[in-house]
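Undergrad: Here's my sequence, what's the structure:
(chains A and B)
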2 protein chains.
Amino acid sequence: MVATYETKTDYKVIGKSPIRHDGLDKVTGRAIYGGDVKVPGLIWGDVLRSPHAHARIKGIDTSAAEAMDGVFAVLTNDDFPQADDKTIDTGEGNVNLRRGQSNVMAFDKVHYKGHVVAAVAAVDRNTAQDAAQAIKVEYEVLTAITDVDAAMADNAPVILEGLVGDHLGENVENTNVARIFRHEFGDVDDAFANSDLVIERTVTMSMVHQGYIEPHNATAIWAQDDNLTVWSSTQGSFGVRSQVAGLLHLPESKIKVNYVEIGGGFGGKTVVYLAPIAALLSRKAGGRPVKLVMDRSSVFEATGPAPGGKIRMKIGVTNGKITAADTDLMLEAGGFPGSAVGAAAICVFACYDFPTSRITGYDVLVNKPKSAAYRAPGSPQASFAIETVIDEICDELGVDKIQFRLDNAAHEGTRRGDGVQFIRVGLEECLAAARDSDHWQSPLGDAPAGKARGRGIASAYWMNGGGKSTCDLMLQDDGTVMMNEGSADIGGTRTSIAMQAAEVLGIPVEDFHVSIPDTDSIGFTGVTGGSRTTYTTGLAAYNAAQKLVVELKSRVADLWETEVSNVEFADGTFTANGDSIGIQELAGKLDPTGGPATSTSSVNLAEAGNAYGVQICDLEIDLATGKTDVIRYTAVQDVGKAVYPQYAEGQIQGGVVQGIGWALNEEYFITDDGTMANKSFLDYRMPTSLDMPMIDTIMVEVPNPLHPYGVRGVGEVPICPPLSAVTQAVKEAIGKPFYELPVKPGRILEAQNGD
Amino acid sequence: MVATYETKTDYKVIGKSPIRHDGLDKVTGRAIYGGDVKVPGLIWGDVLRSPHAHARIKGIDTSAAEAMDGVFAVLTNDDFPQADDKTIDTGEGNVNLRRGQSNVMAFDKVHYKGHVVAAVAAVDRNTAQDAAQAIKVEYEVLTAITDVDAAMADNAPVILEGLVGDHLGENVENTNVARIFRHEFGDVDDAFANSDLVIERTVTMSMVHQGYIEPHNATAIWAQDDNLTVWSSTQGSFGVRSQVAGLLHLPESKIKVNYVEIGGGFGGKTVVYLAPIAALLSRKAGGRPVKLVMDRSSVFEATGPAPGGKIRMKIGVTNGKITAADTDLMLEAGGFPGSAVGAAAICVFACYDFPTSRITGYDVLVNKPKSAAYRAPGSPQASFAIETVIDEICDELGVDKIQFRLDNAAHEGTRRGDGVQFIRVGLEECLAAARDSDHWQSPLGDAPAGKARGRGIASAYWMNGGGKSTCDLMLQDDGTVMMNEGSADIGGTRTSIAMQAAEVLGIPVEDFHVSIPDTDSIGFTGVTGGSRTTYTTGLAAYNAAQKLVVELKSRVADLWETEVSNVEFADGTFTANGDSIGIQELAGKLDPTGGPATSTSSVNLAEAGNAYGVQICDLEIDLATGKTDVIRYTAVQDVGKAVYPQYAEGQIQGGVVQGIGWALNEEYFITDDGTMANKSFLDYRMPTSLDMPMIDTIMVEVPNPLHPYGVRGVGEVPICPPLSAVTQAVKEAIGKPFYELPVKPGRILEAQNGD
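TA: Below is the predicted model:
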């Protein structure tokens, strides 16, 4: 029972780019981030981290730390409530289990370098740091497993002892593969046997980090009645609440998470690391407020990057049409189960319409930090694999790379690799827009001496999220609207959500005051992630505004002593029997009709708009050094309806830049013993604005039928195409294919010097 | 169009006394009060106050303060936006006018000692204090007017130049009487001429202070886009918002007032003193947050006490029935217009049913702080006047003091002195309960040697308030309820409001989490005052709960695939077609039916329940010293329905103790030059628990037909009867009447030694 909408086309608010509601506070430094939280009696926490990537903990001696002046509490995993839930955890959730607790603080083993082993709370930050370092841990160092091949090798050391893997429905012990699953339609092997052309390649990629500027932080107060108050930089306060509740075995409603602004997340701030530690330290420290803030190297070593891994991809073609595809997706879960391989499987074939497919996903443990979401989790890796093979097919067939994609494009009714059938999607429109773009129609141009140029193109898909969101509206006497909504605002969603209510009400969005309350003060709202916020919370705002109009119609009927059925509302004006009144004028006249007018709406959306992007990359290589420069880049994307075009464009540009970094420079450089050798922003090379050209965007608007304004999520899909678009541009420039990311200068030089 | 209700009688939640939601935070010191507010970059403000009670400001030299290191801003009244509104302000509002601004910071004259003349903001509190004292003010000192007789004398100096008094509809210039008004029914003089007995007395009383423990405070940030954020101890955040908006000529919606806990108010924290100063200082200091906190002497000298004044009271009786009454109520407004004389006029005759009455009210300026609300403002003074005369009538007639009151008691249909006809009220039930009480039925007992005993009785009335309130509810997955409501919680109203929603929902009130959000995050809610909160915001909670039930019925219908009309709800359980599910179990199953269930309700109530109290005081006097000891005290009150009996009882006991202090000890002791001589808690003698016996309470429950649970406000009326009940007990003990409050030892000795 999914509601669909006739799409509105004439907008008064949607499609404009007003000043964002949180703008001034953020540019003047007034906005409160997690690091700014100060409460009376605050003390500091710090943690001790493992120096080994894989080791057994033989003993922990906290006595020296406990004896130090100014130390209020010392914590080990023994202080966590004991989980009695023995459920096999092979999914992406890590709540309510010893295993989840173990990622927050190691139990019997450390699974990655930087894994937290113990924590302390002390009178100030320096004392806490000194005390944490005074804790003595005896380790039995084990062999570190740093890639999926080593993890899946016979007789590989088992990282997570006791894990029972689910391998295509079969329980398997003593394995590093937490889960193997399959989506299969038709007889793939038969289809390959009958195809004109079959190409099979295997690609690999490293872990990469979201690289948000603000490190993780948490402040907690565990009160004497076991009510817990938390402040923590997060993409969703309710997510912190449910995770902390699970990990600490507390009822969710005993926990209040206060909203603080977030300095970047990109998926990485959907997981709790410090909040449960701060909470338990506060309890041990007699209810004192405890604050922890990570340093940068800990963010790299011990929070969740996107998984690296290996993908085998085999595609068959006959007469220019894809006949079949088969893939093995082997993604690094990190030190505990739960990579994005499930989402990768949903996305991997989603750009193409073909009858026969097999997807096998592997969730593989390695001695690296437990992976987390990063912008369209799993899809960039999957897109890199399939687009690399599609590009070679086009080369082999000598066909236009856009025309081939158009001939094989997914559309309404296409079955996705996991079996879901598409509603109305906009891939064909994106491909057509890319084909017709000035970029695609313009020649690449000659490279200067000593340099080479290439052009790549790639497409990708992200399904977007729905889920639960709440929005409350209050019309004020002076005609302004107070809006409460539950979504953390990372990219300007206060405004993009308010605009949707403003459109309904006919009130300028500048007259909205938007609050993001704590978890006690707004209905449940899911995490800001999955490109769900402007779509889902926006729909809650739309519904709340519609309800407010219904309420106001009855007030107008009261005022004018007429039947409510006589009252009409359009363009911000109520009319009945020849009278009319503007909504903002009406706002000041509500007192005799029952006081303030308020409304609330919650939604739980099972489906969302599907997002497609097609991107074109022109790149130049310095042949002597292997240095790459992206010289022109165009991102085409179906945004459904750009609520706030500047932000939608910004999301696309930001995603592209992160994808380019992933393609060309970024990687967890892991030594044989499992050490990340580049755990600083100096050595972990993220592109800056100086490295990038202007990213041109072409926003295609194919309305999402699930939203009254046709909104689709825009934030994630743009990071997916660059991995292949950039790599194929390098291939075209130097005539050698690349199957390993990043395509860094050393690899380019090696390829040039190879056969 | 006022809704009336059949009163419910079988309660599951109402009438219990659970642990209050804010209890732990308050007893452990975790609750955040205005004084606890810390924000990054905070600087301190301080003010310079007038040393004179009445003076013309000839000049202000701020140069020395401005030149001091660490001073960011210096403020005088010239910095306030210029009001262009010349409206004659004779009412109780002081918003949006130069006159309102002048009470916050003196313009051309100072009207009372302690009147703010200038303010500074500086890097720390000491610097701010030093800088404020460095401001030089040149005064022309004028004669201070310290009582209503002096104020109304011919050729009295005019305090508020330019004031045009409204004297029974006539405009009068050069006067200290801002307003004279009259309510008159029948021919009073004729009725007195035909009465068997007529007694006329004049009583006087001093200003008294609410004596809340927490001093006034305010912190403000004036951002560069002219959005203003305020924290301030207050009985109502929206009241702060509207007053600051008026005084500073800002749109209300540009101001966000954050809720902080309040350390006592009793009516005195309904007026802003520091918030506008903090705001303007912040603006002048480039947007830095500025905080001000008063010291105790400033609280006494320059915030709003209850008015003193003089009341002439004349009553006629024939055959034991009151025939007529006539009163002149002359109350001290203080330095600016607006005493509680209007409310005094409403209350003065409200305990009695008689045909002919005249009330003349005088709002009189004197050189004392502008008076403010104090628990049933105006009614204690009025009650003292009428009950003094009623007591003498009973003595004269030799009739039982309760029987006389019963014979003349107001009831449903009685016309109040201002013309309003009563709905169902409970005075007769209170009088009967007092008569039947163990206290009234027990003898006073003999006094020990050197002491004398007396018993007094008095009744009183308060009309209670309605107005606007908002409540939002959210049902959580785990069956708990998150509640947002807009009323400042002074006496446990978080709980008394939540209990009303809990009663509807059949969910334990312990499973409610109650938040009081900022003014951007909850619909308009009036001040916690006028005994309105449990009644009005409680009704909003009741309505929101009813709406939540409607929403949940549709969810149940969804889940069970039945028509919503088949779904019934009773005692926390939904039933349909033989199936049933408890509301808390249902809470965990809502996801497929549309996500979180939320509701919101706003009310605007024109009427409220009327409150009556009857109190009996036994008192013992040390004849040698005049020292008084209350030895037994019983307070009878119609509470409508005691939602939370412990709190209702506590409100009654607290009110009684404040009334006893008013009767026996408390007063603004003002010297001839207008100086308050006792501006500390050491010299201003408020009763403590050591001074008081247990105050026995008898709660009578005559349901208020305007509320589904029959709730009446309980917080104010209990302060009214003690002024007369205590005084008549003294009269009975030593055989001398008292017409002047407080009845302090010196006066008792003087009365004994007089003729």
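Undergrad: Point out the residues in the stretch 401-550 of chain A that sit beside chain B.
TA: Neighbours of chain B within the stretch 401-550 of chain A, by CB under 8 Å from any CB of the partner chain: A:467-470, A:472, A:474, A:476-478, A:480, A:482, A:484, A:511, A:513, A:515, A:517-524. C-beta: built from backbone N, CA, C; applies to glycine.
Undergrad: mind redoing it with 6 Å?
TA: A:468, A:470, A:474, A:476, A:478, A:480, A:482, A:484, A:513, A:515, A:517, A:520-521, A:523-524 (CB under 6 Å from any CB of the partner chain).
Undergrad: Farthest-apart pair in the residues you listed, please.
TA: Spanning the widest gap among those are A:Lys468 and A:Asp478, at 32.0 Å by CB to CB.
Undergrad: of those two, who's got more company?
TA: Set A:Lys468 next to A:Asp478 and count neighbours by other CB atoms under 10 Å in any protein chain shown: A:Lys468 wins out with 24 against 14.
Undergrad: Give the helix, strand or coil label for the more buried one.
TA: Classification of A:Lys468 into helix, strand or coil gives strand, according to DSSP: H, G, I helix; E, B strand; the rest coil.
Undergrad: residues touching it, list them.
TA: A:Lys468 makes contact with A:Phe524, A:Gly526, A:Asn604, B:Gly595, B:Pro596 under the criterion CB atoms under 6 Å, 6 or more residues apart in numbering or on different chains.
Undergrad: doesn't A:Gly523 make contact with the last one?
TA: Yes - under the criterion of CB atoms under 6 Å, B:Pro596 lies in contact with A:Gly523, with a separation of 4.0 Å.
Undergrad: which stretches of the stretch 251-400 of chain A form helices?
TA: When secondary structure is read from DSSP state H, counting those that start in this stretch, the stretch 251-400 of chain A shows helices at A:275-284, A:296-302, A:341-347, A:379-397.
Undergrad: near chain B, which residues of chain A show up?
TA: Going by CB under 6 Å from any CB, the residues of chain A near chain B are A:24, A:38, A:40, A:223, A:225, A:251-253, A:468, A:470, A:474, A:476, A:478, A:480, A:482, A:484, A:513, A:515, A:517, A:520-521, A:523-524, A:591, A:594-596, A:598, A:600, A:602-604.
Undergrad: Would you mind checking the residues you listed for buried ones?
TA: Of all these considered here, the ones buried according to neighbour count by 16 or more other CB atoms under 10 Å in any protein chain shown are A:24, A:223, A:252-253, A:468, A:470, A:474, A:476, A:480, A:482, A:484, A:513, A:515, A:517, A:520-521, A:523-524, A:594-596, A:598, A:600, A:602-604.
Undergrad: Among the residues you listed, name the ones in strands.
TA: Under the assignment DSSP state E, those contribute A:Lys468, A:Thr470, A:Met474, A:Met482, A:Asn484, A:His513, A:Ser515, A:Thr598, A:Thr600, A:Ser602, A:Val603, A:Asn604 to strands.
Undergrad: from these, which is closest to chain B?
TA: Minimum separation from chain B among these (CB to the nearest CB) is found for A:Asn604, which lies at 2.9 Å.
Undergrad: Relative to A:Leu539, how far out is that closest one?
TA: In this view, A:Asn604 and A:Leu539 are 10 Å apart by CB to CB, to the nearest Å.
Undergrad: Could you report the neighbour count for the residue lying closest to A:Asn665 once chain neighbours are set aside?
TA: Counting by CB to CB, 6 or more residues apart in numbering or on different chains, A:Arg685 is the residue found nearest to A:Asn665 once chain neighbours are left out, at 4.1 Å. Using other CB under 10 Å, A:Arg685 has 16 neighbouring residues.
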